[in-house]
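# Sharing a model that was predicted from the sequence below.
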Amino acid sequence: MGKINIIQQKIKELSGGNFQKLCDRYLYKKYNFSNICSLGSEDGTNKPTKGIPDSYIYFYIESFPCFFTVNSV
């Protein structure tokens, strides 16, 4: 099995909250966003909160919501 397939399988195995943390970390590393606020998960758990954006990125006086999804084929 190729590396890409292994990575895809591991991502599919993540819970919603862990996937959200992975995406936040990716945005931090890839785009150097140090102002990410993760409001879409319940405090002290790895459960996402339904109906709330996963994270917000703050720029000056504006905020931009981030939604993380996985498409299944």
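Cool, got the structure. It should be emphasised that the depicted structure is a prediction, and the values quoted were computed from it without experimental measurement. Numbering: from 1, shown residues only.

# which helices and strands sit right next to whichever strand or helix holds Tyr26?
In this structure, Tyr26 is located in helix 16-31 according to DSSP states H and E. Helix 16-31 is packed against strand 36-37, strand 55-59, with contacts defined by 3 or more C-beta pairs under 8 Å, 6 or more residues apart in numbering; DSSP states H and E. For glycine as for every other residue, the C-beta is placed from the backbone atoms N, C-alpha and C.

# Please produce JSON lines containing those strands, extended by distance to Ile11.
Shown next, in JSON lines, are these (distance: least, C-beta to C-beta, whole Å):
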{"stretch": "strand 36-37", "distance to Ile11": "19"}
{"stretch": "strand 55-59", "distance to Ile11": "17"}
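
# out of those strands, nearest to Glu13?
Smallest distance to Glu13 across the helices and strands packed on helix 16-31 (C-beta to C-beta): 21.2 Å, for strand 55-59.

# Pairing partners for that closest one, with directions?
In the sheet containing strand 55-59, the strands it pairs with under DSSP bridges are strand 36-37 (antiparallel), strand 62-66 (antiparallel).

# Ok, which of the helices and strands packed on helix 16-31 comes nearest Asn46?
Where the helices and strands packed on helix 16-31 are weighed against each other on C-beta to C-beta, the nearest is strand 55-59, at 14.5 Å.
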